[in-house]
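Novice: A predicted structure for the sequence below; I have some questions about it.
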Amino acid sequence: MTETHYVCMFLSIKGIPYFVKHLISRNFIVSFWLCLFGVNVSAQNILPYYWRINFKNDTSVNTRHAKAHSIVSTLLSWERQGYFAGDGDCTLTSNFEVKDANLKYVLTIRLQCDVNSLRINGKYIASDLKNQFWSDKKTFTQLPLKKGILKKGKNTITIYCSSLGYTGGISHSLLTVTPAKDKSNERLLITLPTRNHVCLGEEDKIATIHYFTSQESSLRLRIETDFHQPCIDTLISLSPKDTLVHIDLNRICEEPEFYQITAVMHGEGYTGNVQWMAVKPEEVSCNNQTIRGFDDYWDKAKAELAAISPNFRMHKVDSLCRKSQRDVYIVEMQSLGNLTIRGYYFVPRTEGKHITVLQVPGYGWGFENIDDMLNAKTNRIELALCVRGHGISADVFNPGFETPGVWGYKLYNSDSIAYRAIYMDCVRAVDFLCSRPEVDIHRIAVKGGSQGGGLTLATAALCSDKIAACAYFDPFPCDMRHQIRIRTTCETELKNNLSYYGNPCSFGDAMNVQDLIDTRSFASEIKCPVLYTAALFDDDCPVHGGFTAYNLIKSPKQYKVFPNDGHIEGFAHDAIIMNWIDTTLSSKISN
């Protein structure tokens, strides 16, 4: 029979007495340890996870009231911590202790930035280590440390960095110093009470810290909201006799919110883990109101579009047809401003009318790779729309995706801002589909993620009588006044865009224009079934925005949360989304 003991530790959290329970179990489940030891951490890593960051120039960080001198963690992405490439060069510095300087040590490094130079105790170690994130996220560099580099006691490591890189939310950083022949196996992992890390209120919110250490150790536990509001920052003593610590979060994480939980253990070395938890996401609310004049603004845009002859054209692409089970066309149409918009149109070689999916693009994505659609074994029609500025529709309007980019294009003017016309490009694409005899006009869906998620919400609302299903992943632009408080670097990006145009209006006036293109304000007008897929680690388009839109939708809806995914990983669930769309559309009886 398994013998279990409980040990209680008294803590004071926000002035509230609280308990942390240690669970000691002599018989444990083998599968748990397999999971635990599969975590990507190094044994007896003597480098801390927390580092001092200092920027050469504080001009960029000052635009959003960030700190030019602060503390960051390698467990978290730069942008989650309020920094990005536009902030310029910086240094990372940390102190660490060495017990035995006679041992051979290895430094392992993988950072989402360019490392210009790395020194320990002022001595040169390496230089010119480029960010490999986009070529291979798992690539790392190992550097044996020569004798005499380290000294017994306190040591200092300094890394000179530039171009703090985008990750989409998951930190792939690996920065350790370990003995070359170390056999230590300290481990730590956070698990939450539900598989998808969503707590709806019925279950106890108990976080379990699984750990292994061979000595008395300390655990630093930090919890904060997605708005960077601290909930707890405390130290817990760990015994080598134990294997688990249960943290009761029922009162700490009581409010409908999204919570970041970070745990770092310091024993023989340092090991850590971070997880996100969603609490009652269907009750997450937003006090930002739809701006006055929103409906009139979009009614006027639709009227302008209706006055432009669409002049639909189709050009069959034989070279693509030979690669696919469907016929492939490039379609063209005239949209707002009489601009030509194009897309890739995939039509089954079967008779009759077909269910149809309008695919709308993420920011900077013009369907440059259509292999998945070419290879798809399906009897559905798909239109991969390149809105203006994207892919094969970037020949005339092409502000790029840096500064000012599509998002920042004439952001000071509600009539000229790019998204006013881009949403109309999507409406025009629906007009095209409704004009085609092979399309079942009663079974048209729209889907997209990121910017495409925002375009999906806008299209489903603006064409509410024509769209039969919509599926969106973490949308943008959505709930923008909260977006700039969660992803704080957005404020600097907006201000840089205004500066590009000579600051023709105040930041407040620019935010009023953002309110007009905020896709959250479309949500209540959607009439069709909706699927929302959410990635809890997403720091590009945080899930707060996706849920504040979701919670305004009145039609049948469902969501699926991916607790370990960031923004990039969130695009890997296309099969799940398309299966939902096929099922939803197939259940509708065509008139």
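Specialist: Here it is on my side, so go on.

Novice: care to break the protein down by domain?
Specialist: In terms of domains, the chain is parsed into 1-37+188-283, 45-181, 309-586 (source: automatic domain parsing).

Novice: Rounded mean pLDDT for the first one, please.
Specialist: When pLDDT is averaged along domain 1-37+188-283, the result is 78.

Novice: now swap in the last one and tell me
Specialist: Confidence for domain 309-586, expressed as mean pLDDT, is 97.

Novice: Kindly check the end-to-end length of it for me.
Specialist: Using CA to CA, to the nearest Å, one end of domain 309-586 lies 32 Å from the other.

Novice: Nearest to I291, out of the domains of the chain?
Specialist: Among those, the nearest to I291 by CB to CB is domain 309-586 (3.9 Å). In this view, the C-beta of every residue, glycine as well, is placed from N, C-alpha and C.

Novice: And the closest one, how far out from the chain middle?
Specialist: Relative to its chain's centre, domain 309-586 lies at 17 Å (CA atoms, centre = their mean, to the nearest Å).

Novice: Please spell out which residues along the longest strand seen in the chain are buried.
Specialist: Across the chain, the longest stretch assigned as strand under DSSP state E is strand 439-450. Of all the residues in strand 439-450, those buried under the rule 16 or more other CB atoms under 10 Å are 439-441, 443-450.

Novice: still on that earlier bit, for the domains of the chain, could you give me CSV that also reports distance to D295?
Specialist: Output for the domains of the chain, formatted as CSV (distance: least, CB to CB, whole Å):
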stretch, distance to D295
domain 1-37+188-283, 26
domain 45-181, 32
domain 309-586, 9
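
Novice: Let me know the closest of the buried residues of strand 439-450 to Q289.
Specialist: For the buried residues of strand 439-450, the nearest to Q289 is S450 (24.8 Å; CB to CB).

Novice: quick revisit: mind listing the strands the longest strand of the chain pairs with, and their directions?
Specialist: With DSSP bridges as the test, strand 439-450 is paired with strand 354-359 (parallel), strand 469-475 (parallel).

Novice: Looking at these, spot the one closest to L189.
Specialist: Comparison of the strands paired with strand 439-450 against L189 by CB to CB identifies strand 469-475 as nearest, at 25.4 Å.

Novice: next structured bit after the closest one?
Specialist: Sequence-wise, the next helix or strand downstream of strand 469-475 (DSSP states H and E) is helix 480-486.

Novice: What residues of that next one count as buried?
Specialist: Residues 480, 482-486 are the ones in helix 480-486 that count as buried (16+ other CB under 10 Å).

Novice: mind checking the SS state of C231?
Specialist: Under the three-state scheme (DSSP: H, G, I helix; E, B strand; the rest coil), C231 adopts strand.

Novice: how near is it to T156?
Specialist: Separation of C231 from T156 (CB to CB, to the nearest Å): 32 Å.

Novice: what's the helix or strand for A303?
Specialist: helix 294-306.

Novice: hmm, who's touching that helix?
Specialist: The contact list for helix 294-306 (CB atoms under 8 Å, 6 or more residues apart in numbering) reads 335-336, 414, 420, 423-424, 427-428, 462, 515-516, 521.

Novice: Report the mean confidence score over it.
Specialist: Here helix 294-306 scores 98 as its mean pLDDT.

Novice: Mind giving me the packing neighbours of the following helix or strand past that helix?
Specialist: Per DSSP H and E, helix 294-306 leads on to strand 313-316 as the next helix or strand towards the C-terminus. Identification of packing neighbours for strand 313-316 by 3 or more CB pairs under 8 Å, 6 or more residues apart in numbering; DSSP states H and E yields strand 326-334.

Novice: so the strand it packs on versus strand 354-359, what angle?
Specialist: Interaxial angle of strand 326-334 relative to strand 354-359 (axes from the mean of the first three to the mean of the last three CA atoms, to 10 degrees): 60 degrees.

Novice: Run me through the strand neighbours of strand 326-334, direction for each.
Specialist: Using DSSP bridges, the strands paired with strand 326-334 are strand 313-316 (antiparallel), strand 340-348 (antiparallel).

Novice: Report the backbone C-alpha coordinates of that strand in PDB.
Specialist: This file holds the C-alpha atoms of strand 326-334, laid out as PDB (Å, rounded to 0.1, in the frame of the first residue of the first chain):
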ATOM      1  CA  ARG A 326      -8.300  19.800 -58.300                       C
ATOM      2  CA  ASP A 327      -8.200  22.400 -61.000                       C
ATOM      3  CA  VAL A 328      -6.200  25.500 -60.000                       C
ATOM      4  CA  TYR A 329      -6.800  29.000 -61.100                       C
ATOM      5  CA  ILE A 330      -5.600  32.500 -60.300                       C
ATOM      6  CA  VAL A 331      -8.600  34.700 -59.900                       C
ATOM      7  CA  GLU A 332      -8.600  38.500 -60.100                       C
ATOM      8  CA  MET A 333     -11.200  41.000 -59.000                       C
ATOM      9  CA  GLN A 334     -11.500  44.700 -58.500                       C
END
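
Novice: Spatially nearest residue to A458, not counting backbone neighbours?
Specialist: Setting aside the residues directly before and after it, A458 is nearest to Y423 in space (CB to CB, 6 or more residues apart in numbering), at 4.6 Å.

Novice: In terms of helices and strands, where is that neighbour?
Specialist: Per DSSP H and E, Y423 falls inside helix 418-435.

Novice: what's that helix packed up against?
Specialist: Looks like helix 418-435 contacts helix 294-306, strand 326-334, strand 340-348, strand 354-359, strand 381-386, helix 405-408, strand 439-450, helix 451-462 (3+ CB pairs under 8 Å, 6+ apart).

Novice: let's see 7 Å
Specialist: Where contact means 3 or more CB pairs under 7 Å, 6 or more residues apart in numbering; DSSP states H and E, helix 418-435 is packed against helix 294-306, strand 326-334, strand 340-348, strand 354-359, strand 381-386, strand 439-450, helix 451-462.

Novice: and the longest one, how far out from the chain's middle?
Specialist: Read that as helix 294-306. Using CA atoms, centre = their mean, the distance from the centre of helix 294-306 to the centre of the chain it belongs to is 32 Å.

Novice: Helix 418-435 and that one, what's the angle between them?
Specialist: Going by the same axes, to 10 degrees, helix 294-306 makes 60 degrees with helix 418-435.

Novice: list the buried ones in the helix holding A303?
Specialist: For helix 294-306, the neighbour count (16+ other CB under 10 Å) marks 294, 297-298, 301, 305 as buried.

Novice: what does stretch 222-241 give?
Specialist: Using 16+ other CB under 10 Å as the test for burial, stretch 222-241 gives 222-223, 225-226, 231-232, 234, 236, 238.

Novice: Please compute how far that stretch lies from its chain's middle.
Specialist: How far stretch 222-241 lies from its chain's middle: 23 Å, per CA atoms, centre = their mean.

Novice: Ends of it, what's the gap?
Specialist: Stretch 222-241 has its terminal residues 24 Å apart, counting by CA to CA.

Novice: which residues of the stretch 1-150 of the chain fall in strands?
Specialist: Using DSSP state E, counting those that start in this stretch, the strands of the stretch 1-150 of the chain run over 4-13, 16-25, 50-55, 69-73, 90-98, 105-110, 114-120, 123-129, 141-145.

Novice: which ones are touching S393?
Specialist: 341-342, 386-387 (CB atoms under 7 Å, 6 or more residues apart in numbering).

Novice: same thing with D114?
Specialist: By CB under 7 Å, 6+ apart, the residues touching D114 are 130-131, 161-163.

Novice: Of the buried residues of stretch 222-241, which is the nearest to W365?
Specialist: Nearest to W365 among the buried residues of stretch 222-241, with distances taken as CB to CB, is D226, at 25.2 Å.

Novice: for T191, what are its contacts?
Specialist: Neighbouring residues of T191 by CB under 7 Å, 6+ apart: 208, 210.

Novice: now do A445
Specialist: Going by CB under 7 Å, 6+ apart, A445 touches 357, 467-470, 581, 585.

Novice: ok, now with 6 Å
Specialist: A445 sits next to 357, 469, 581, 585 when contact means CB atoms under 6 Å, 6 or more residues apart in numbering.

Novice: swap in V106?
Specialist: Taking CB under 6 Å, 6+ apart as the test, what V106 contacts is 142, 144, 178, 180.
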